[in-house]
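In: can't give you the sequence, but here's the structure:
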């Protein structure tokens, strides 16, 4: 009987360890290891209205905000304009499509310049500047 109890306790302990590990790893799911990956994480979070991740990418905890219409970002492209050991500038472009009455319609093109700083092992967005697209 004692042997069965010990086995059950071991299984319970392993389950608890697994759950805690999953929670910790789940919170760390945002890739901020490079300026480009931080901006990509930010864009992905914007599309999903994931305010917590948007805030994390900008070094702000507990960010909140409303959820808007369903969005789809298409043709996302970005490039690192400059980078040192502690600072970087990334230019990003994407098309925003909005769902209106079960249809996805183009809304506008987005052009941004992200200024990032290195904080520990992560790159954090310090400033976001809107860039006016050049006329065709």
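Out: Everything's here; your move. What you are looking at is a predicted structure, and each value in this text was computed from that prediction instead of being measured.
In: list the buried residues in the lengthiest strand in the chain.
Out: Counting residues, the longest strand in the chain under DSSP state E turns out to be strand 103-119. When neighbours are counted by 16 or more other CB atoms under 10 Å, the buried residues of strand 103-119 are found to be 110, 112, 114-116, 118. Every C-beta, even on glycine, is put in place using the N, C-alpha and C of the backbone.
In: what of stretch 66-78?
Out: residue 78.
In: what average pLDDT does that stretch get?
Out: Taken as a whole, stretch 66-78 carries a mean pLDDT of 91.
In: next one: the closest residue in space to residue 127 that isn't next to it in sequence from residue 39, what distance?
Out: Distances taken as CB to CB, 6 or more residues apart in numbering place residue 115 nearest to residue 127, at 4.2 Å, with adjacent residues excluded. Applying CB to CB, to the nearest Å, the value for residue 115 to residue 39 is 11 Å.
In: find the residues that touch each one of those two.
Out: Taking CB atoms under 8 Å, 6 or more residues apart in numbering as the criterion, residue 115 and residue 39 both touch residue 125.
In: sec struct for residue 43, please.
Out: helix (DSSP: H, G, I helix; E, B strand; the rest coil).
In: can you name the residues that contact the one residue sitting closest to the centre of the chain?
Out: The centroid of the chain falls nearest to residue 41 when counting by CA atoms, centre = their mean (2.8 Å). Neighbouring residues of residue 41 by CB under 8 Å, 6+ apart: 30-32, 53, 57.
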